[in-house]
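Engineer: predicted model follows, preceded by the sequence.
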Amino acid sequence: MPADATRPSSAGPAAARRLGETTPQPMGRRGRGATANPSGRYEAARRETFDDGWSGNEEAVPVRTEVRPEHARTLITRNTSPDISFDRSINPYRGCEHGCVYCFARPNHAYVGLSPGLDFETKLFRKVGAGALLETELSAPGYRPATIALGTATDPYQPIEREHRVTRAVLEVLARFRHPVGIVTKSNLVVRDLDLLTDLARDGLVKVAISVTTLDPVLARRLEPRAPHPQKRLDAIARLSAAGIPVMVIAAPIIPSLNDHELEAILARARALGAVEASHVLLRLPLELDDLVNDWFAEHYPGRQRHVMSLVRAARGGKAYDAAFGTRMTGTGAYADLIRQRMRLARQRLGYPEVRRRLRVDLFRVPRDQLSLF
């Protein structure tokens, strides 16, 4: 039988059945994060892998990245969540080639009829005409500026940005309109745009958050196979900080009994390189992510799976995930409280400011060439 069909999972019979669907053999998914490609939850039919007697004679075919155009009607997404500091965001891409197995955005791929598993990191969408769309939205007579969060779901500097430059187009528009922007990424590709970021930083219009999951390159390669090496992210913190761009380090996600021991070390390294803010996020497992992460542990760290998932559920009221505002990012209970205390003490010891800096909104303007739209 195919290798994946015999791999055990403690996620339960339903999870094992779903995760057996359309799963390439390990050699075919080398360099990918998800171990399976379960059908999206909205699909009417489900696919199932079975042994036809020929699998042992077939060569594994690598899962390749596809990039499709997405013609969005609007670019800015609005939210009313009371526990986050922004009410609008832009995601230049749907899906993410970094392949982080823990990515909370994976379930969103089901909305387009694709799998939150391997499809999420191999079947990607780029927003067509993003710059022009953004110009139109910012030029609307009733628009009022507030910080736009760039890359809240998928990474704006994932590998395909090198070719498609959608993020660059968005930043060029924001710079022309003198609009505040906060960027979240785990890629050192962000330093490519130092010219725009430095210009925005001079007026207090930008802040960059760099996610550092672990300092261990072996663990990083398993958790987030196509994201840059941890040292490259630290180098990006140093370069951005040296250019006068405020940087936040995000220790995320904190995974119990896997990378939680690194929290203080991550904050210390980032602070030494110039980071001025720090935060953390506890592992979140909404919808299909519970099965996908369980399956990943069964393959890579089977001896830790039961203990890790026990701590995750203890911090989520006995569930894999609790979406309650105010605690969904950091959890509740003894373990979550311990992480919060460690975070607070580390920030105090390392001299991270208690108050986060706010970006300016008073410099926003519609460029003269945009006035012709009215």
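Structural biologist: Received it, and whenever you're ready, just let me know what you need. Every value quoted in this text rests on a predicted model; they were computed, and no experiment measured them. Numbers count the residues shown, from 1 in each chain.
Engineer: tell me the secondary structure for the residue nearest the centre of the chain?
Structural biologist: Residue closest to the average C-alpha location in the chain (Cα atoms, centre = their mean): Thr154, at 4.9 Å. Put simply, Thr154 is coil when judged by DSSP: H, G, I helix; E, B strand; the rest coil.
Engineer: for it, which non-adjacent residue is spatially closest?
Structural biologist: Cys96 (4.1 Å; Cβ to Cβ, 6 or more residues apart in numbering). For glycine as for every other residue, the C-beta is placed from the backbone atoms N, C-alpha and C.
Engineer: what does Ala201 give?
Structural biologist: Ile245 (4.5 Å).
Engineer: the one you found reaches Thr198, doesn't it?
Structural biologist: Yes - using Cβ atoms under 8 Å, Ile245 makes contact with Thr198 at a distance of 6.6 Å.
Engineer: more neighbours, those two?
Structural biologist: Applying other Cβ atoms under 10 Å to Ile245 and Thr198 shows that Ile245 carries more neighbours, namely 23 against 14.
Engineer: quick one: contacts for that one?
Structural biologist: Going by Cβ atoms under 8 Å, 6 or more residues apart in numbering, Ile245 touches Leu194, Leu197, Thr198, Ala201, Val206, Lys207, Val208.
Engineer: name the element Val281 belongs to?
Structural biologist: For Val281, the host element (DSSP states H and E) is strand 277-282.
Engineer: after that strand, next one along is what?
Structural biologist: Sequence-wise, the next helix or strand downstream of strand 277-282 (DSSP H and E) is helix 289-300.
Engineer: quick one: the helices in the stretch 251-374 of the chain, in order.
Structural biologist: For the stretch 251-374 of the chain, the helices defined by DSSP state H, counting those that start in this stretch occupy 263-272, 289-300, 305-314, 333-350.
Engineer: out of the ones you listed, deepest packed?
Structural biologist: Using mean count of other Cβ atoms under 10 Å, the stretch among the helices of the stretch 251-374 of the chain with the largest mean neighbour count is helix 289-300, at a mean of 23.
Engineer: show me the contact partners of stretch 150-158.
Structural biologist: Identification of contacts with stretch 150-158 by Cβ under 8 Å, 6+ apart yields 86, 89-98, 103, 105, 108, 166-167, 170-171, 181-187, 189-190, 226-227.
Engineer: my guess is His109 meets Glu121, correct?
Structural biologist: No - the pair His109 / Glu121 is not scored as a contact, 9.3 Å apart, by Cβ under 8 Å.
Engineer: which strand runs longest in the protein?
Structural biologist: As assigned by DSSP state E, the longest strand anywhere in the chain is strand 247-254.
Engineer: now do the same end-to-end measure for stretch 106-119.
Structural biologist: Distance between the two ends of stretch 106-119: 9 Å, counting by Cα to Cα, to the nearest Å.
Engineer: how far out from the middle of the chain is that stretch?
Structural biologist: Relative to its parent chain, stretch 106-119 has a centroid offset of 14 Å by Cα atoms, centre = their mean, to the nearest Å.
Engineer: give me the residues contacting it.
Structural biologist: Under Cβ under 8 Å, 6+ apart, the answer for stretch 106-119 is 19, 22-24, 29, 32, 34-43, 63, 94-95, 120, 123, 125, 153, 286-289, 292.
Engineer: so the residue nearest to Pro367 when sequence neighbours are not counted is in which element?
Structural biologist: Spatial nearest neighbour of Pro367, chain neighbours left out: Arg176 (5.4 Å); criterion: Cβ to Cβ, 6+ apart. According to DSSP H and E, Arg176 maps onto helix 166-177.
Engineer: for whichever helix or strand comes after that helix, what is the average pLDDT?
Structural biologist: The element immediately downstream of helix 166-177 (helix or strand, assigned by DSSP H and E) is strand 181-185. Average pLDDT, strand 181-185: 98.
Engineer: next: stretch 263-280.
Structural biologist: pLDDT averaged over stretch 263-280 gives 98.
Engineer: again, but for stretch 336-352
Structural biologist: 98.
Engineer: just the strands in this protein please.
Structural biologist: 66-70, 77-78, 88-90, 93-94, 123-127, 148-150, 181-185, 206-211, 247-254, 277-282.
Engineer: could you check how far Met329 is from Ser85?
Structural biologist: 12 Å (Cβ to Cβ, to the nearest Å).
Engineer: and if you look at Leu197?
Structural biologist: Leu197 sits 19 Å away from Ser85, going by Cβ to Cβ.
Engineer: higher neighbour count, these two?
Structural biologist: Using other Cβ under 10 Å as the criterion, Leu197 and Ser85 rank with Leu197 on top: 24 against 11.
Engineer: measure that one to Pro246 for me?
Structural biologist: Computed as Cβ to Cβ, the Leu197 to Pro246 distance reads 10 Å.
Engineer: how about the contacts made by Glu172?
Structural biologist: Glu172 makes contacts with Gly131, Leu196, as judged by Cβ under 8 Å, 6+ apart.
Engineer: run through who's touching stretch 334-345.
Structural biologist: Under Cβ under 8 Å, 6+ apart, the answer for stretch 334-345 is 251, 254, 256, 260, 263-264, 267, 278-280, 282, 311, 314-315, 327, 330-331.
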